[in-house]
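> for reference, the sequence and a predicted model appear below.
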Amino acid sequence: MTAAERPLSLDNPAYYLNRELSILDFNLRVLEQAVDPSHPLIERLNFLLIFSRNLDEFFEIRVAGLLQQLSLGDIGSGPDGQLPKDILRQISERCHAAVERQYRILNEDLLPALAEENIRFIRRHDWSEGQRVWVRQYFKEQVLPVLTPIGLDPAHPFPRLVNKSLNFIVSLDGKDAFGRQMSLAVVPAPRSLPRVVRFPDELSDGGDQHVMLSSIIHEHVSDLFPGMTANGCYQFRVTRNADLIVDEDAEDLASALKGELLHRRFGAAVRLEVADNCPRHIIEYLLRKFNLGDEALYQVNGPVNLARLLSNFDRPRLRFTPFRPKLPAIFQQTDDIFEAIQSQDILLHHPFESFAPVVDLLRQAARDPQVLAIKQTLYRSGADSEIVNALADAARNGKEVTVVIELRARFDEESNIEVANKLQQAGAIVVYGIVGYKTHAKMILVVRREGRKLARYVHLGTGNYHAGNARLYTDYGLLTARPEICEDVHKIFQELTGMGRVVRLKQLLHAPFTLHPQLLLMIDQEIRNHQAGLPARIIVKVNALTERQLMQALIRASQAGVRIDLIIRSVCCLRPGIPGVTENITVRSIVGRFLEHTRVFYFENGGDARVFCSSADWMDRNLFQRVETCFPVTDPVLRKRIIEQGLEIYLKDNTRAWQLAADGSWTRAQPGNRKPCSAQEQLLVQLT
């Protein structure tokens, strides 16, 4: 066999991209929205702040994880083969450049543009005399009583500062009341204080004028140290490792999680942000205290806590045009949710279509005397949500309510514990799923007596049961009474709440059991179809693609000649467009007004297309460490809708799409001579 005939190794690192760097690329695509003139001005500012929040989480989880890997040995674990040390070096270079660009956009673009709209953040040296007097009074009445300055001396060691909290380090001259000579102090800013304060109308010159909390404290920091002189005051913020390690074998998972949540606030430091005017000797002092090197230092020209910058500006002209999500036509014929679902499968495409039918299903079930039981999974919802309230009402009304709550949904752990307590107090049965597996499936099952029979109604979704997210995220939900699907959902709930063998399902695929192997089989079927001269094509729309075996299967399909289009919101570890390897694969990412969140899998299947929606991304954690569902859309009308409105329109997008090249770079699509097409904007017109 010659070298040309020898099969290519699917483990070749050159075919893959690094996961952490791919996440960072997505965040950079978000940052680019802040300079997009087609977005309204305040929305551009909001994208800048979203980038800040995303970058915070990136350091808290991804960078922290890499540092832990490095401490255990510089060993690569991803298909790209890169070592943690090299990845961290690239992250540092790219993040420093990105943060510098972020503040340049803020200072040179967004703040001047906001000022032209008479929305201003007034710096200390620009305060009018009236504003100066008002700030002095505000500091005395609202700020000073809750500040706790901490002098740094042998009796007062460097304080344990909370993750991402705003702090000030102050250089001092003089002696305190006890005759101690001090040179440094730390002033933490309590989180109860707003970071942006609006001046009263009479001091705002007919516009929106604001002052930063940091400016207020800086102006009056000397008042915290009577008899001493504050000759320097500098903002800083430390980001810490916020990943949780919970003992899965703990007797009480909720109690174990509560204890671990306290540790999140004080994990190991991974990043230090300081004001760019902070002297070098103070920076070095802070780096020593947090055990960080220069690569973790970010000096910024502006507030160190940009994520909390946004205020509620009453400027509709500077925001996205409001829209009203539409109700499916069936609800114009009946307001009985059970009658509607019995008559047909109902597909909900959020946020263009309303989330209300999902809430109505639970509300009607809660008060319907014929409803006997409700079962639901909750991953992220919020303690005060309509969903949780409806479940609590149902339990109080004597329904058999069972809720599978995933306590370990990252950064929603505390809220989910509160939800669990609220539902238990109402009389619901609350379980925490399966030890070792997160429950990420999105399912509702309602059991209702109808005559002599028990009827079942189901909702399956790609997104969380969170009404707020349903207005910001694109997701699909299916309401159905199809007996086989309802039976499958019933079996999965039995699997989650009871014990026994893996259940056999008729319609649904579910992780960690059948989903991954069935996806591999369907990819292989497309290869065989193409080789037999039958129609063959794969379209996958997910948030992330990182799982090695699926990527290798896609490479095999590409080499066989199958056309593959991947619509990946954030992380894609597969390089497209490599001649002879992935030349039949395209990868695009849509970044726009809404967060793309739908998971849709399309297999042409020889001309008899198969379409699935799922709660799972194509990642190791979703396919092997989580309970996930994947449901077929068998109604031909709904299947056609998903193909057209959930896939094809995104492949035509030439204004909000970014295309991934074989070298790992992302380039924004341009209409050129073609008619501009934005999938999200067209769906707003078509569906609302």
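Nice, thanks for sending it over. Residues are numbered from 1 along each chain as shown.

> so where do the helices sit in the stretch 51-200 of the chain?
Along the stretch 51-200 of the chain, the segments classed as helices by DSSP state H, counting those that start in this stretch run 64-72, 84-105, 111-116, 129-138.

> kindly reformat these as a markdown table containing mean neighbour count.
For glycine as for every other residue, the C-beta is placed from the backbone atoms N, C-alpha and C. Shown next, in a markdown table, are the helices of the stretch 51-200 of the chain (neighbours: other CB atoms under 10 Å):
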| stretch | mean neighbour count |
| --- | --- |
| helix 64-72 | 15 |
| helix 84-105 | 17 |
| helix 111-116 | 15 |
| helix 129-138 | 14 |
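
> which of the ones you listed sits closest to Asn654?
Nearest to Asn654, of all the helices of the stretch 51-200 of the chain, is helix 84-105, at 24.2 Å by CB to CB.

> what helices or strands is that closest one leaning on?
Using 3 or more CB pairs under 8 Å, 6 or more residues apart in numbering; DSSP states H and E, the elements in contact with helix 84-105 are helix 19-32, helix 41-57, helix 64-72, strand 297-300.

> got the angle for the third one vs helix 19-32?
Counting by axes from the mean of the first three to the mean of the last three CA atoms, to 10 degrees, helix 64-72 lies at 150 degrees to helix 19-32.

> give me the contact list for helix 64-72.
Here helix 64-72 makes contact (CB atoms under 8 Å, 6 or more residues apart in numbering) with 20, 75, 77, 84-85, 87-88, 91, 240-243, 267-268, 270.

> mind checking the SS state of Gly206?
coil (DSSP: H, G, I helix; E, B strand; the rest coil).

> just the pLDDT for Leu244.
Looking at Leu244, its pLDDT stands at 57.

> no no, Gly76
72.

> thought it was touching Arg19?
No. If you go by CB atoms under 8 Å, Gly76 and Arg19 don't touch, sitting 11.4 Å apart.

> let me see the contact set for His273.
In this structure residue 273 is Glu, not His. Glu273 neighbours (CB under 8 Å, 6+ apart): Phe236, Arg237, Val238, Thr239, Tyr298, Gln299, Val300, Val304.

> which stretches in the stretch 401-550 of the chain count as strands?
429-431, 438-439, 443-450, 453-461, 473-480, 509-511, 537-545 (DSSP state E, counting those that start in this stretch).

> thinking again about what came up before, which of Gly76 and Arg19 has more neighbours?
Between Gly76 and Arg19, Arg19 has the larger neighbour count (other CB atoms under 10 Å), namely 23 against 16.

> residue contacts, that one?
Here Arg19 is in contact with Gly78, Asp80, Thr546, Val571, Cys573 (CB under 8 Å, 6+ apart).

> TSV for the residues you listed, including neighbour count and distance to Val562?
Output for the contacts of Arg19, formatted as TSV (neighbours: other CB atoms under 10 Å; distance: CB to CB, whole Å):
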residue	neighbour count	distance to Val562
Gly78	19	25
Asp80	20	24
Thr546	26	21
Val571	24	23
Cys573	23	19
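
> which stretch in the helices and strands packed on helix 84-105 has the least confidence?
Lowest mean pLDDT within those: helix 64-72, a mean of 89.

> helix 84-105 and that helix, what's the angle between them?
Using the same axes, to 10 degrees: helix 64-72 against helix 84-105 is 150 degrees.

> how about the CA coordinates for helix 64-72, as CSV?
The C-alpha coordinates for helix 64-72 follow below in CSV (Å, rounded to 0.1, in the frame of the first residue of the first chain):
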residue,chain,number,x,y,z
ALA,A,64,-9.0,27.8,36.3
GLY,A,65,-9.4,24.2,34.9
LEU,A,66,-6.3,24.6,32.8
LEU,A,67,-4.3,25.9,35.7
GLN,A,68,-5.4,22.8,37.7
GLN,A,69,-4.4,20.6,34.8
LEU,A,70,-1.0,22.3,34.7
SER,A,71,-0.5,21.7,38.4
LEU,A,72,-1.0,18.0,37.9
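
> how distant is it from the center of its chain?
Relative to its chain's centre, helix 64-72 lies at 23 Å (CA atoms, centre = their mean, to the nearest Å).

> do the same with stretch 31-50
That offset, for stretch 31-50, works out to 18 Å (CA atoms, centre = their mean).

> ok, now stretch 162-170?
Averaged C-alpha coordinates place stretch 162-170 at 25 Å from its chain's average position (CA atoms, centre = their mean).

> can you tell me the distance between the two ends of stretch 624-638?
By CA to CA, to the nearest Å, the extent of stretch 624-638 from end to end equals 29 Å.

> could you give me the buried positions within it?
Arg626, Val627, Glu628, Thr629, Cys630, Phe631, Pro632, Val633, Asp635, Leu638 (16 or more other CB atoms under 10 Å).

> ok, so of the contacts of helix 64-72, who is nearest Val63?
For these, the residue nearest Val63 by CB to CB is Val270; the value is 5.2 Å.

> show me what contacts that closest one?
Contacts for Val270 (CB under 8 Å, 6+ apart) come out as Phe59, Glu60, Val63, Ala64, Leu67, Thr239, Arg240, Asn241, Leu292, Ala296.

> and the residue lying closest to the third one once chain neighbours are set aside, what element?
Ranked by CB to CB, 6 or more residues apart in numbering and with sequence neighbours excluded, the top spatial neighbour of Val63 is Val270, at 5.2 Å. Under the criterion of DSSP states H and E, Val270 resides in strand 269-275.

> check the offset of that strand from the chain's centre.
On CA atoms, centre = their mean, the centre of strand 269-275 falls 22 Å from the chain's centre.

> repeat for stretch 637-647
Mean-position distance between stretch 637-647 and its chain equals 25 Å (CA atoms, centre = their mean).

> and it, end to end?
End to end - CA to CA - stretch 637-647 spans 15 Å.

> what comes up buried for that stretch?
Across stretch 637-647, burial judged by 16+ other CB under 10 Å covers Leu638, Arg639, Arg641, Ile642, Ile643, Gln645, Gly646, Leu647.

> from the contact counts, what lies against the strand ranked longest in the chain?
For the chain, the strand reaching the highest residue count under DSSP state E is reported as strand 229-240. Strand 229-240 sits against strand 167-173, helix 213-220, strand 269-275, helix 280-290, with contacts defined as 3+ CB pairs under 8 Å, 6+ apart.

> nearest to Leu460, out of these?
With CB to CB as the criterion, Leu460 lies closest to strand 269-275 of the helices and strands packed on strand 229-240, at 38.0 Å.

> partner strands of that closest one and their direction?
strand 229-240 (antiparallel), strand 297-300 (parallel) (DSSP bridges).

> please save the CA atoms from the first one in CSV.
These are the backbone C-alpha positions of strand 229-240, laid out as CSV (Å, rounded to 0.1, in the frame of the first residue of the first chain):
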residue,chain,number,x,y,z
THR,A,229,-3.7,61.5,53.9
ALA,A,230,-4.8,59.2,51.1
ASN,A,231,-2.4,59.9,48.3
GLY,A,232,-3.6,57.2,46.0
CYS,A,233,-6.7,55.1,45.5
TYR,A,234,-6.9,52.4,42.9
GLN,A,235,-9.7,50.0,41.9
PHE,A,236,-8.9,46.3,41.6
ARG,A,237,-10.8,43.0,41.3
VAL,A,238,-9.8,39.4,41.6
THR,A,239,-11.4,36.5,39.7
ARG,A,240,-11.3,33.1,41.4
